[in-house]
Structures are given as C-alpha cells and as structure tokens.
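Visitor: Could you look at this predicted model? Sequence included:
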Amino acid sequence: MDLEQLQTSTGTVAARLLDALSEAGVDRIFGNPGTTELPLLAALAGRPSPRYVMALHDGVAVGMAHGYAQAGRRLGVVNLHAAPGLANAMGNLYNAHRSGVPLLVTAGQVPSRLALHDPPLAGDLVSMARPVTKWAYELRRAGELVPALRRAIHTALTPPAGPVFLGLPVDLLEEPVPEESLALPRAVEPGRAEPSDLAEIAREILEAGAPLMVVGERAARAEVQLLLVELAELLGVEVRAERIPPRLAFPTDHPLWAGPLPAGGPELGRVLGEADLLLVVGASRLVPVLWAPEWDAARTARQVRFEESHGALLEGLASREAVVGPFTATLRALVWAVRQAVAADPALAERLQERRTDREAALQAERSRRDAGESGPKAGDAGGSVIPGAVDGRSDIGTALTAESVAAALEHLLPADSVVVEEALTSTRALLARRTFRDPEAFHGIKGTALGWGLPAAVGVKLARPERTVLAFVGDGSVLYSFQALWTAARERLKLPVVILRNGAYRILKEGFGETPGRGGGAGAPGEAALAPQADLLEMRLGPPYPDYVELARGLGAAGRRVRTPSQLDEGLTWALAEAGPAVLEVWIDGAHREETDDTERGE
C-alpha cells in the first residue's frame, strides 16, 4: 500500500490495532519512529486519537510512558523501532519491570518474508524483551492481533502489574483483518478478608517487642494510606519506606515516619536486625545493592507480609506469614482485630501507648539533631535514618548550597499539591527529609535504578497530570542519559521546571567504595591510591570538561539558568516555577567545582 491508502484504510492490522487501543482507553502512544513502524504511523496520522508523543530516543519514550502510566494509574503504550530501538530502551524497560508499571511495549519487525535472510534491523525481539516483561510475543499472522492484544493488556494490568511486549512485523501491519472487539475480561475483586481471619496475625504482631512497619509503592493509595496511619498509631510502631521508594504510602510529616530504609548494606542490616518482626505492606525492596555481612545476619527476621497478589510474594525476602487480598479489606480487618485485642487487655493498651510515645520522642530527637547539624550522617548520605521535620521556610542551611538547602527551599516555594519526580539518588534522602509529601500521588521515584528515567518520567507525569505543578528533581549524572526528553517537553509545550543538582561527580559510586567489604572507604591505602596510574577514577568526576546544562537545555528548546550560591536559590526556583515552558535550573551543590574554568560563567 502507498501512504494515502494506509491513511484511509480502516481494515488493516495497523488500523485495527489503533481501534483496539482506543477501546482500551489509550489516548497516547509514546515512541521514536522508524521504517518498520511506517504503516502504524500512517494510520495514526489519519485520526485524532491516540496521539503520538515523539521522543528522540527509544529509552526516553519508555521513560515517558512509565511516568504517564504511573501517575495516571493506567496502561501506558510505547512503540519502538525494531531490534535496535528495543535494545536502546532496555534500561528504562528494566525500570518499568522492577516498578510494576503496566506498559504495552510494541516494536516493528522486519518483513516476515525476509526474516530468513537476516536483513538490517532484524533481531529476536521476543528473546530480547522476555527478561524485562511479564509476557512477550510476536504476531505470526494478522488474525492473531486482537487475541494477542487482549492477552497482553490483561496481563499488563493484572497484579502484580508490569510491562508486556508485542512484536509487529511490518508486512503484517498492512494486511487486512476482520473487525473484532477487544472485549477485555472484567476483573473481579478477590474475596474480602474476614476480621476473624486476621486475629492470629494480629496476636503475632502484638506480641512483638520491637516491630518495624515497611510500606511499599504498591500500597501508595489514599484509601490505603489512611489505614496504614491508623494501624501504625495503634501499634506505636516506626514506619519506613522501601529502600528506594518509587511512591510513598505514608505521610512524611507523621511523627512515626522514619524515612526510607537505608541504601547501604551495613546500615540496612542494622535497621532490619533491630526489629524482632517486620510488618511489610506492598513492599519488596529490603535487599541492598552490595552484599554486607550485617544484612546477611538480619535477613532472616520474622516477616508478616500483606500483598494484593500471590505473584508479588515471590519478590524480595521470604515470609513465614502472608495475607493476600485487597489492601483496603485486609488492613481494615487487621485494624479491627488489633482494636479488639487492645480493648480486651488494658495492660497491652498501656504498653502500646508507651511504645508510641517513646518512638515519637526518639524520632523527634533525631529530627532536632539533624536540623541543628549536631551529629549523625548527612541526609544525602547512603546510610543512616532520614527523618523529616519542620524547616520554617529556611533555604539557607549552612553557608554553601546542598541538597538539603535546595529541598528546604522547595518546601516553602512549591505549591502544596505539587508533584515531584526525582532521580537524584544520593540526594533523594535530603528531599524526603526536607520536603513534605502527604498525598501518595505527590512523589514519583525510580525503583529499578537504571539511570535516565527521571526527566522522561517527569514529562509523562505532566502529560498525565496537566492540572498540577510537576517538578523534576534530578542529578547531573543521571540526567545526561536522557536529556533529549526536554525536546519533547518543549514540543508538547509543557510547563515543567527541572532542578538539576550538580555536584560534578558520580557521587553514588564514590559512596559505593565505602560500602564494598574490605575497602574501608576506598580502594587500598591512601598512599597506594595516590600512586595508582588511574587514581582519578576513584573521584568519579564528570569533568573536565564539565557539561553545561544551561546551554544544553537552550539547544533543546527549554529555558535555562544557573545558581551557585544560597542567595540565588529562591530567586532561581521562583523563576523556574513561573516559566511557561520547560525550564532548567542548574544548581551547584557540595562545592564540587573548584577546578572548573571560566567558561562555566555562561548562563548566569
């Protein structure tokens, strides 16, 4: 078929694919176009919906779809360019898989009649996609389209949700196919838990002397949050998020909130080891990146897990006790069982109230020490507890800009209902300590930790939530993986402030040396490191030359400014929030740029 025929045809696989997606409620397709997708693009051009959102890189397209699906709590759809495009997208597809985000990922395939001859762009798409998807398939004939779509979409949306893949040979996209309704199966909620079913679980939790509640992104819904708060207050238990939380299921200004679990193995092992019972709700990230003996000794702690699907129980650490069902039903039943036990035992009620008072006092003392800067690790460090607290509108913490001071400024400058999308890694804890997040929809973070997610995800979140202020909070190292997302933000005319924390190094790698067993904070003794031929590798610097994020932003159609001192911070953030389109504010933190040359003065 020629282009005109493709645009006007209503009976091809490409056209039926778009019909089925519309029937499923899909209004956007994110992609980077290529030759094997031309029939689909031609069919798209002839209709108002779904809209095609163009990216300059396949990985950026997946990151945008991820943010769109996560913020909109809906199916995200991506169209990639053959085997190379799928390969380009693997990092952010991995992130979507680890985050449990429902994505339908499609990719064009070379003509089936040429497959035997290994033409350009050919590849085994299904084998490539299978490790990072729940299900992967490639169409073999036109009649498989709707049944394959039905299975793919249902699989993506069924808890635990996740991405699926469908390969689309370009010649099949042009073939005629009979009309057929998608007719997705209607999900039926599992049977509700009875309070009596939770009585034994409640007794086990109440008998624990030092329980710890860990809440995950699967529980990050407003109606679940209310039950988690009620349960924590009843038990007088400290509450933490997963080690790297993609969403927050507990209000960060609550007196029992203790921040995310530490990232480092030794500190994570200490926190887990101090608990004699872990009450885990919708969370799985209790495992460090690097092994440590402290964690290994603590990983056998007793667990009681609450999940909404049996599949989710396969993630993370094994649990002796598990409750599977809708969180609202199972947690409501648990709260009822705890209340019944407390009402029947005045001594138990007194013990729980004392524990709550003690934990709140200890956590408040830690907040005070942090705010005064008297002791303990910095909020941006990989280890240690991070406790949020009142900052009284201060953005002048210390004499130089830090992640903490930037987060404190955001606390008093950002509207209360703003959404923050972050990929700041070593500065994440500073953000969670200084910025208050009460709404489960107000924070989006990276769970898979494959860099290059934050900026594309912010674009997707803004498209899904155009009525809210959305701000990207990203590190200078991670943003370089997907800076092209700014072009899409400008093309879509999105009002999107982007704060880039520039410390001039891969700081997380520098901290990683301190966590590696046997290194003791570095690779060898200081004298040995100084004599090493490539000792500068241990500094993990991003220069010289250092990237100029302001000029890069301007080249992609965004506005850009630079902030280097505390006195410039509030004005710079106010400017970024007021800009009508995407606006990059490059913020120098941690005094990491002493050796830079005068050419960084541009964009002041």
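Guide: Cool, got the structure.

Visitor: Tell me where the stretch 401-550 of the chain has helices.
Guide: Ranges of helices in the stretch 401-550 of the chain, per DSSP state H, counting those that start in this stretch, are 403-413, 428-434, 454-464, 476-479, 485-491, 507-515, 526-531, 549-555.

Visitor: Then the stretch 51-200 of the chain?
Guide: Going by DSSP H, counting those that start in this stretch, the stretch 51-200 of the chain shows helices at 58-72, 82-88, 90-99, 125-129, 145-157, 170-173, 199-207.

Visitor: Single out the most deeply packed of these.
Guide: helix 58-72 (a mean of 30; mean count of other C-beta atoms under 10 Å). Where you see a C-beta, it was placed from the backbone N, CA and C, and this is true even at glycine.

Visitor: For that one, which helices and strands make contact with it?
Guide: Judged by 3 or more C-beta pairs under 8 Å, 6 or more residues apart in numbering; DSSP states H and E, the packing partners of helix 58-72 are strand 28-31, strand 76-80, helix 82-88, helix 90-99, strand 103-109, strand 443-444, helix 454-464, helix 485-491.

Visitor: Report all helices and strands that the first one contacts.
Guide: Using 3+ C-beta pairs under 8 Å, 6+ apart as the contact criterion, the neighbours of strand 28-31 among helices and strands are strand 51-54, helix 58-72, strand 76-80.

Visitor: do you know which of the ones you listed lies nearest residue 268?
Guide: helix 58-72 (25.0 Å; C-beta to C-beta).

Visitor: quick one on the thing from earlier: out of the helices and strands packed on strand 28-31, flag the one nearest residue 354.
Guide: helix 58-72 (39.7 Å).

Visitor: got the CA coordinates for that closest one in PDB?
Guide: In PDB, the C-alpha atoms belonging to helix 58-72 read as follows (Å, rounded to 0.1, in the frame of the first residue of the first chain):
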ATOM      1  CA  ASP A  58      13.600   4.900  22.500                       C
ATOM      2  CA  GLY A  59      14.600   4.800  26.100                       C
ATOM      3  CA  VAL A  60      13.200   8.300  26.600                       C
ATOM      4  CA  ALA A  61       9.900   7.100  25.100                       C
ATOM      5  CA  VAL A  62       9.700   4.200  27.600                       C
ATOM      6  CA  GLY A  63      10.500   6.500  30.500                       C
ATOM      7  CA  MET A  64       7.700   9.000  29.400                       C
ATOM      8  CA  ALA A  65       5.200   6.100  29.100                       C
ATOM      9  CA  HIS A  66       6.300   4.900  32.500                       C
ATOM     10  CA  GLY A  67       5.700   8.300  34.200                       C
ATOM     11  CA  TYR A  68       2.300   8.600  32.300                       C
ATOM     12  CA  ALA A  69       1.100   5.200  33.400                       C
ATOM     13  CA  GLN A  70       2.300   5.500  37.000                       C
ATOM     14  CA  ALA A  71       0.800   9.000  37.500                       C
ATOM     15  CA  GLY A  72      -2.400   8.200  35.700                       C
END
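
Visitor: just to revisit the earlier point, could you dump the helices and strands packed on helix 58-72 to TSV with mean pLDDT?
Guide: Listed next are the helices and strands packed on helix 58-72 as TSV, based on pLDDT from 0 to 100:
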stretch	mean pLDDT
strand 28-31	98
strand 76-80	98
helix 82-88	97
helix 90-99	96
strand 103-109	97
strand 443-444	97
helix 454-464	98
helix 485-491	98
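
Visitor: can you tell which of the ones you listed is closest to residue 55?
Guide: helix 485-491 (5.5 Å).

Visitor: Just the buried residues of stretch 453-467, please?
Guide: 453-465 (16 or more other C-beta atoms under 10 Å).

Visitor: who are the neighbours in contact with residue 475?
Guide: Contacts for residue 475 (C-beta atoms under 8 Å, 6 or more residues apart in numbering) come out as 423-427, 500-501, 503, 507.

Visitor: hmm, try it at 6 Å
Guide: 424-425, 501 (C-beta atoms under 6 Å, 6 or more residues apart in numbering).

Visitor: Return the subset of those residues lying in strands.
Guide: residue 501 (DSSP state E).

Visitor: Now flag whichever of the contacts of residue 475 is closest to residue 267.
Guide: For the contacts of residue 475, the nearest to residue 267 is residue 425 (16.1 Å; C-beta to C-beta).

Visitor: What separation do you get for residue 263 and residue 288?
Guide: 7 Å (C-beta to C-beta, to the nearest Å).

Visitor: who has more neighbours, these two?
Guide: residue 263 (26 against 22; other C-beta atoms under 10 Å).

Visitor: Can you tell me the SS state at that one?
Guide: Assigned with DSSP: H, G, I helix; E, B strand; the rest coil, residue 263 falls in the coil class.

Visitor: Find the nearest non-adjacent residue to residue 202, please.
Guide: residue 337 (3.8 Å; C-beta to C-beta, 6 or more residues apart in numbering).

Visitor: check contacts around residue 93.
Guide: So residue 93 contacts 62, 132 (C-beta under 6 Å, 6+ apart).

Visitor: Need the pLDDT of residue 529.
Guide: You'll see residue 529 listed with a pLDDT of 49.

Visitor: same question, residue 547
Guide: At residue 547, pLDDT is 94.

Visitor: count of neighbours near residue 43?
Guide: Around residue 43 there are 24 residues (other C-beta under 10 Å).

Visitor: For it, list the residues it contacts.
Guide: 14-15, 18.

Visitor: got it, and residue 322?
Guide: So residue 322 contacts 305, 313 (C-beta under 6 Å, 6+ apart).

Visitor: if you set the cut-off to 8 Å instead, what comes out?
Guide: Counted by C-beta under 8 Å, 6+ apart, residue 322 has contacts 304-307, 313.

Visitor: For my notes, confirm it occurs in a helix.
Guide: No - Residue 322 is assigned strand when assessed by three-state DSSP, not a helix.

Visitor: Verify the contact between residue 558 and residue 585 for me.
Guide: No - Residue 558 lies out of contact with residue 585 (C-beta atoms under 8 Å); the separation is 10.7 Å.

Visitor: which residues do those two both contact?
Guide: By C-beta under 8 Å, 6+ apart, the residues touching both residue 558 and residue 585 are residue 498.

Visitor: More neighbours: those two, which one.
Guide: Higher neighbour count among residue 558 and residue 585: residue 585, with 28 against 22, using other C-beta under 10 Å.

Visitor: next one: phi and psi at the more buried one?
Guide: Dihedral angles of residue 585 (phi, psi; degrees, to the nearest 10) stand at phi -110, psi 110.

Visitor: so where's this structure shaky on pLDDT?
Guide: Applying pLDDT under 70 to the chain flags residues 1-10, 186-196, 318, 373-399, 509-539, 591-604.

Visitor: If we use 50, what do you get?
Guide: For the chain, residues meeting the criterion pLDDT under 50 lie at 6-8, 188, 374-397, 516-531, 597-603.

Visitor: Centre-most residue in it?
Guide: Against the mean C-alpha coordinate of the chain, by C-alpha atoms, centre = their mean, the closest residue is residue 446 at 2.8 Å.

Visitor: Turn the helices and strands packed on helix 58-72 into CSV, columns for distance to residue 331.
Guide: Listed next are those as CSV, based on distance: least, C-beta to C-beta, whole Å:
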stretch, distance to residue 331
strand 28-31, 34
strand 76-80, 28
helix 82-88, 39
helix 90-99, 22
strand 103-109, 28
strand 443-444, 21
helix 454-464, 27
helix 485-491, 37
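
Visitor: Out of those, flag the one nearest residue 470.
Guide: Comparing the helices and strands packed on helix 58-72 by C-beta to C-beta, helix 454-464 comes nearest, at 4.3 Å.

Visitor: Show me what the closest one is packed against.
Guide: helix 58-72, strand 419-423, strand 470-475, helix 476-479, helix 485-491.

Visitor: Kindly recompute the last result at 6 Å.
Guide: helix 58-72, strand 419-423, strand 470-475, helix 485-491 (3 or more C-beta pairs under 6 Å, 6 or more residues apart in numbering; DSSP states H and E).
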